[in-house]
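*Asks:* Based on what follows, work out the 3D shape:
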Amino acid sequence: TLGDVRGKRVLEVGPGTGYYTLPVAEWVGPDGRLDIFDLQQEMLDHTMRRAREAGLENVVPTQGDARSLPFGDATFDAAYLVTVLGEIPDQRLALCELRRVLKPDGRLVVGELWGDPHVVPVGRLHAHAPAAGLRFERRVGPAFGFFAVLRPVG
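*Replies:* As a prediction, the model looks like this:
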């Protein structure tokens with residue numbers, strides 16, 4: 001759902017312990033870069049240890065709040081967050097920030113899983129997308145565990 005990210009710059013918000021980080025860093029390859037961004041420095045430290053152990057040198061950590069991303073406009077080819085959006089107090093603001101840092105032809109992938117206490121249903125993503133300057137493109141997977149692909153508008 002991220003598309004071809006080889007050699008691209010990708011942003012992961014809320015990597016946790018790096019479950020998705022390591023495979024995506026491999027997909028991005030040595031000519032690309034995976035920026036990981038988290039509110040908790042401990043999560044970044046843990047994920048960076050795992051990346052180093054795996055021999056991945058294209059992972060760059062940044063600590064901060066997803067409601068105010070410290071990256072320039074149109075920096076990333078793709079961005080993703082999995083079971084993270086519901087933990088952000090202002091989801092619409094976070095989506096606006098993600099839209100801002102995406103290139104015009106970029107894509108945002110939001111993964112959700114029912115059972116997560118902070119799950120964001122697909123309907124809420126549909127509702128938030130237009131106000132954030134995003135277009136809901138498609139959902140991949142069943143309703144109880146899906147990835148939604150959103151694209152910048154304009």
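*Asks:* Touching, residue 24 and residue 8? I think so.
*Replies:* No. Using CB atoms under 8 Å, residue 24 makes no contact with residue 8, being 10.5 Å away. (C-beta placed from N, C-alpha, C; glycine too.)
*Asks:* residues in contact with the helix or strand where residue 127 lies?
*Replies:* Here residue 127 is covered by helix 122-131, with elements defined by DSSP states H and E. For helix 122-131, contacts defined as CB atoms under 8 Å, 6 or more residues apart in numbering pick out 91-92, 95-96, 110, 112, 134-136, 139, 143, 146, 148, 150, 153.
*Asks:* mind redoing it with 10 Å?
*Replies:* Helix 122-131 is contacted by residues 85-86, 91-96, 99, 108, 110, 112, 120-121, 132, 134-137, 139, 143, 146, 148, 150-151, 153 when judged by CB atoms under 10 Å, 6 or more residues apart in numbering.
*Asks:* Now the buried members of those.
*Replies:* Neighbour counting over the contacts of helix 122-131 (16 or more other CB atoms under 10 Å) leaves 85-86, 91, 93-96, 99, 108, 110, 112, 120, 132, 134, 136, 139, 146, 148, 150-151 as the buried ones.
*Asks:* Restricted to helices, list those.
*Replies:* 91, 93, 94, 95, 96, 99 (DSSP state H).
*Asks:* on that earlier part again, how far is the helix holding residue 127 from where the chain is centred?
*Replies:* 16 Å (CA atoms, centre = their mean, to the nearest Å).
*Asks:* any chance you could map the strands in the chain?
*Replies:* Here the chain has its strands, by DSSP state E, at 9-13, 33-38, 59-63, 76-82, 102-113, 134-140, 145-152.
*Asks:* ok, and for the lowest-mean-pLDDT helix or strand in the chain, which residues are buried?
*Replies:* Lowest on mean pLDDT, DSSP states H and E among the helices and strands of the chain sits helix 122-131, with a mean of 92. By 16+ other CB under 10 Å, the buried positions in helix 122-131 come out as 125, 128, 129.
*Asks:* Would you mind giving these as CSV with distance to residue 44 added?
*Replies:* As requested, the buried residues of helix 122-131 are exported to CSV (distance: CB to CB, whole Å):
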residue, distance to residue 44
125, 26
128, 26
129, 28
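*Asks:* If anything else comes up later, I'll come back, but that's it for now.
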